[in-house]
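In: My questions are about this predicted structure, shown below with the sequence.
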Protein chains: 2
Amino acid sequence: MTNQLDSFFGAMSDPTRRAVIERLASGPASVSDLHAPHKMALPTFMRHLRVLEDTGIVRSIKKGRVRTCQLDPAPLIEVQGWLAWQRQIWETRLDRLEALTTQIAQNEEDT
Amino acid sequence: MTNQLDSFFGAMSDPTRRAVIERLASGPASVSDLHAPHKMALPTFMRHLRVLEDTGIVRSIKKGRVRTCQLDPAPLIEVQGWLAWQRQIWETRLDRLEALTTQIAQNEEDT
């Protein structure tokens, strides 16, 4: 889990790689279609794709001369879970603080 | 937005920094309390804290000799939004594919 979060967050920290994810969310695409909007050499772009494949969020299949990539949302769902968990702990704490503040104010009114 | 996502995802790609976030989700803590569970020199740990502060997810206040850190969940909520958006595009696409498959099957039955 730690390694998966490390590599997912690392992969998502780059705008080119996030653009690839945004593109693949709408459906599979060939490497050349994915590369087209990016002003960088193909080998550089391929290194970004490799990072995404290593994370498991992108899978690719080669058929003839065309390599097609598609999204595997499993790591994305796992990371969403981690973030939601942190937020829930935080919000539970805020709710407790609010309840405590209300209680203190109530006690002051009563005395 | 791009810079915020870059720095947030970069900050979260390290297990020490995620452990700090997990700790701060339960409430504010001093730098020495945050540092205690980590087997690393204080200056190294402070560099991790600095990365979190630069992202805006951690804020700190110094009072006397004690620096207290607390979580600011705004960047976390923004990133959750980005991830949820990607997932929604993906799931909408799957729903459309499923509807299309059902329609094709129906058409084949009808002919």
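Out: Yep, that arrived.

In: gap between the two ends of stretch A:23-41?
Out: Counting by C-alpha to C-alpha, to the nearest Å, you get 19 Å between the two ends of stretch A:23-41.

In: Repeat that for stretch A:33-46.
Out: Using C-alpha to C-alpha, the two ends of stretch A:33-46 sit 12 Å apart.

In: list the buried ones in it?
Out: By 16 or more other C-beta atoms under 10 Å in any protein chain shown, the buried positions in stretch A:33-46 come out as A:34, A:35, A:45. No exception for glycine: its C-beta is placed from N, CA and C like everyone else's.

In: How about residues contacting the helix or strand containing residue A:24?
Out: Here residue A:24, judged by DSSP states H and E, is contained in helix A:15-25. Residues outside helix A:15-25 that contact it (C-beta atoms under 8 Å, 6 or more residues apart in numbering or on different chains) are A:11-12, A:29, A:34, A:37-38, A:40, A:45, A:48-49, A:51-52, A:57-58, A:69-71, A:76, B:2, B:5-6, B:82, B:86-87, B:89-90, B:93.

In: Return the subset of those residues lying in helices.
Out: A:11-12, A:34, A:45, A:48-49, A:51-52, A:76, B:2, B:5-6, B:82, B:86-87, B:89-90, B:93 (DSSP state H).

In: Let me see the mean pLDDT of stretch A:18-25.
Out: Across stretch A:18-25, pLDDT averages out at 94.

In: Whichever of the ones in helices among the contacts of helix A:15-25 end up buried, select them in PyMOL.
Out: To isolate the buried members of the ones in helices among the contacts of helix A:15-25 in PyMOL, using 16+ other C-beta under 10 Å:
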select buried, (chain A and resi 11+12+34+45+48+49+51+52+76) or (chain B and resi 5+6+82+86+87+89+90+93)
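
In: Would you mind naming what in chain A lies close to chain B?
Out: Residues of chain A lying near chain B by C-beta under 8 Å from any C-beta of the partner chain: A:2, A:5-10, A:12-15, A:18, A:21-22, A:25-27, A:71, A:73, A:76-77, A:79-80, A:82-84, A:86-87, A:89-90, A:93.

In: how about 7 Å then?
Out: A:2, A:5-6, A:9-10, A:12-13, A:15, A:18, A:21-22, A:25-27, A:71, A:73, A:76, A:79-80, A:83-84, A:86-87, A:89-90, A:93 (C-beta under 7 Å from any C-beta of the partner chain).

In: Nearest the middle, which residue of chain A would you pick?
Out: residue A:76 (4.9 Å; C-alpha atoms, centre = their mean).

In: Would you mind confirming that that one makes contact with residue B:87?
Out: Yes - with contacts counted by C-beta atoms under 7 Å, residue A:76 reaches residue B:87, the gap being 6.0 Å.

In: how near is residue A:35 to chain B?
Out: 19 Å (C-beta to the nearest C-beta, to the nearest Å).

In: Which residue comes closest to that residue once chain neighbours are left out?
Out: residue A:45 (4.8 Å; C-beta to C-beta, 6 or more residues apart in numbering or on different chains).

In: Let me know the pLDDT of that neighbour.
Out: Looking at residue A:45, its pLDDT reads 97.

In: and stretch A:53-62, which residues are buried?
Out: Under 16+ other C-beta under 10 Å, the buried positions of stretch A:53-62 are A:53, A:55, A:56, A:57, A:58, A:60.

In: related to what we said a few turns ago, tell me the contacts of the residue nearest to the centre of chain A?
Out: Each residue near residue A:76 by C-beta atoms under 7 Å, 6 or more residues apart in numbering or on different chains is listed here: A:57, B:83, B:86, B:87.
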